[in-house]
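Engineer: Below: sequence and its predicted model.
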Amino acid sequence: ALETSRHIAEQCRLDLPEIMRGVFRVGDPHGDDDAPALSPAAKNVGQRLRRLCEQGACERFGTTSYQDVPAAARTRIAHELAMIEEKELASCFLVAQDVVRYAKEEGIPVGPGRGSMAGSLVAWVLEMTELDPLHSGLQVDGRLSKSRGDHPALEFEVGHRWRDQVMRKVQQLAGRRSAVRMSTLARMHGRSLLHNVGKTLGVGAATLGNVDRLSRAHPTQKVNESLDRSNQLRRLFQDDPQARRLLEVCSRLEGLPYHASLHAGGLLLLPGEAMQRVALEMSSQGPRAQANEEQAEQFGWARIVVHGSSHLSSQHSAEKWVQLRQSDFQLEEIPLDDEATWRRIAHGDGSCLPGLELPVARNVVRAVQPARLSDLVACLTLASPVAQTSGLTERFLATGRSGSIPEQLKDVLEETGGWILYEEQVVQIAQR
């Protein structure tokens, strides 16, 4: 019987990824019958996106003909559209554009750009973002490149009070049978892992407290990395058997998933009916796919992520308060070079701004004294955990400019004082 079972098993060939793969298309005849027809038949989705880009480019650059749009912009748009077609994301872009337009028409605050869309000229001409990537020197997300196998999510921010409303609109436009909420995996790490393992092993309060105190000195690092960097923690590991056992178990468990929950803003856009592609379960917010972002990338599923920003909500409320006294006030009309604003930011009064909530970010701002947007972006990069743990922040603040800048790289590195701080700079240097 065992031999027969083995023989039958060897004859079975099931390629699950190929069965589950598929491309979401607006107007899919096998999808939601109630979904509105946002475009013609699926075969014309790419053509529709191209026409919208040409119309949007004319509006953004103030021309009547697409041929009058600057050549650099037309070349960039053609390049991005080719990558979008290669990734088969045209339908996803159309849905995202309609959702952003709906949010703006409803008076919902929308962020200037985030994630894959922030550096996209296609997203800018479609008015999905307000960041001109050509003017800002932004490069399109590397994951849109043909050489990359994964599929990026389209991300944008709205005021956190309106996120659920915007997500329902995504489901309405894409089809409720095709657009389902995504799952996310909570993983074991940090202090919660330390305390849970310590409680399970019966580690003494004094030992657990010492390990916790020393680990907090390197909160962004894994257990083994903390041991390498902290002499005190390493001595405790060598001298205290309980601490050694605690850290050994934590290092083995660190990063393992322990709980699946609802992704706060992620939606999967699946071809046809979602239940034919992925297992679903009911949650408090409706059906939820038993798949997280990594699995969605593996199967090439389109994703839209709606981030809820409390900062956008606060800015929206502040704008409304000002309009009670000055009815024609518009937040967008405040110039980016407003001196009074930059003085307050340089003084460290920016705790209500995204990225400047943490004291370390405000300390960097006080040291650098930013006077323009590019300076502030550099400060946020220097305040990131990666920059701090690598020592980049300390070196930058200690030395300022990085000596002389090679003439051929001056246009790339001038704004950051000769330092390579951004992925875009790496890409531009590699293209030289």
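Structural biologist: Noted; the coordinates are in hand. Residues are numbered from 1 along each chain as shown.
Engineer: C-alpha from now on. contacts and neighbour counts both.
Structural biologist: Noted.
Engineer: quick one: Ser404 and Gly418 touch, right?
Structural biologist: Yes - between Ser404 and Gly418 a contact is recorded at 7.3 Å, counting by CA atoms under 8 Å.
Engineer: Helices along the stretch 301-432 of the chain, start to end?
Structural biologist: Listed from the start of the chain, the stretch 301-432 of the chain has helices (DSSP state H, counting those that start in this stretch) covering 310-323, 339-346, 359-368, 373-382, 385-389, 392-399, 410-413, 423-430.
Engineer: repeat for the stretch 101-250 of the chain
Structural biologist: Counting by DSSP H, counting those that start in this stretch, the segments of the stretch 101-250 of the chain that form helices are 121-125, 133-136, 163-174, 190-201, 205-215, 223-229, 231-239, 241-253.
Engineer: could the ones you listed be laid out in JSON lines, adding mean neighbour count?
Structural biologist: Rendered in JSON lines, the data for these read as follows (neighbours: other CA atoms under 10 Å):
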{"stretch": "helix 121-125", "mean neighbour count": "26"}
{"stretch": "helix 133-136", "mean neighbour count": "13"}
{"stretch": "helix 163-174", "mean neighbour count": "20"}
{"stretch": "helix 190-201", "mean neighbour count": "16"}
{"stretch": "helix 205-215", "mean neighbour count": "16"}
{"stretch": "helix 223-229", "mean neighbour count": "16"}
{"stretch": "helix 231-239", "mean neighbour count": "15"}
{"stretch": "helix 241-253", "mean neighbour count": "17"}
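Engineer: Any chance of a markdown table for the ones you listed, columns distance to Ser317 and mean pLDDT?
Structural biologist: Written out in a markdown table, the entries for these read as follows (distance: least, CA to CA, whole Å; pLDDT from 0 to 100):
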| stretch | distance to Ser317 | mean pLDDT |
| --- | --- | --- |
| helix 121-125 | 25 | 93 |
| helix 133-136 | 28 | 82 |
| helix 163-174 | 16 | 93 |
| helix 190-201 | 36 | 87 |
| helix 205-215 | 40 | 84 |
| helix 223-229 | 43 | 79 |
| helix 231-239 | 47 | 85 |
| helix 241-253 | 44 | 89 |
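Engineer: Pull the residues that contact stretch 119-136.
Structural biologist: When contacts are defined by CA atoms under 8 Å, 6 or more residues apart in numbering, stretch 119-136 is touched by residues 52-53, 56-57, 59-60, 73, 76-77, 80-81, 96-97, 100-101, 111-113, 117-118, 138-141.
Engineer: rerun at 7 Å
Structural biologist: 52-53, 56-57, 60, 77, 80, 97, 100, 112-113, 117-118, 138-141 (CA atoms under 7 Å, 6 or more residues apart in numbering).
Engineer: Does Met188 touch Ser251 like I think?
Structural biologist: No - Met188 is not in contact with Ser251 according to CA atoms under 7 Å; the separation is 10.2 Å.
Engineer: that older thread, wait, which of the helices of the stretch 101-250 of the chain is closest to Leu356?
Structural biologist: The closest approach between Leu356 and any of the helices of the stretch 101-250 of the chain, judged by CA to CA, belongs to helix 133-136 at 20.9 Å.
Engineer: Give me the phi and psi angles of Ala371.
Structural biologist: With angles defined as degrees, to the nearest 10, Ala371 sits at phi -130, psi 0.
Engineer: Enumerate every residue touching it.
Structural biologist: Trp342.
Engineer: Can you tell me how far it is from Asp338?
Structural biologist: Going from Ala371 to Asp338 by CA to CA, to the nearest Å gives 9 Å.
Engineer: Repeat that for Arg161.
Structural biologist: Between Arg161 and Asp338 the computed distance is 29 Å (CA to CA).
Engineer: So these two - more neighbours on which side?
Structural biologist: Set Arg161 next to Asp338 and count neighbours by other CA atoms under 10 Å: Arg161 wins out with 15 against 11.
Engineer: contacting residues for the more buried one?
Structural biologist: Contacts of Arg161 (CA under 7 Å, 6+ apart): Ser313.
Engineer: That one and Gln323: what is the separation?
Structural biologist: To Gln323, Arg161 is 20 Å away according to CA to CA.
Engineer: Run a quick neighbour tally on Ser91.
Structural biologist: If we define neighbours as other CA under 10 Å, then Ser91 has 27 of them.
Engineer: Look up how far Ala174 lies from it.
Structural biologist: For Ser91, the distance to Ala174 under the criterion CA to CA works out to 9 Å.
Engineer: ditto for Val322
Structural biologist: When distance is defined by CA to CA, Val322 is 37 Å away from Ala174.
Engineer: Kindly report the same for Asp132.
Structural biologist: Counting by CA to CA, the gap between Asp132 and Ala174 amounts to 27 Å.
Engineer: Please apply the same query to Leu89.
Structural biologist: 13 Å.
Engineer: just Asp239 next, same as before
Structural biologist: The separation that Asp239 has from Ala174, given CA to CA, amounts to 60 Å.
Engineer: Over to Leu253?
Structural biologist: 39 Å.
Engineer: for Pro271, same thing?
Structural biologist: Summarising the geometry, the distance separating Pro271 from Ala174, computed by CA to CA, is 10 Å.
Engineer: do Arg277 as well
Structural biologist: Remark: distance between Arg277 and Ala174 (CA to CA) = 16 Å.
Engineer: pLDDT of the one helix or strand Ser5 maps to, averaged?
Structural biologist: Secondary-structure assignment from DSSP states H and E places Ser5 in helix 2-11. Throughout helix 2-11, pLDDT has a mean value of 86.
Engineer: So for the nearest residue to Pro354 once chain neighbours are set aside, what's the pLDDT?
Structural biologist: Distance criterion CA to CA, 6 or more residues apart in numbering; nearest residue to Pro354, sequence neighbours excluded, is His311 at 6.6 Å. His311 is assigned a pLDDT of 88 by the prediction.
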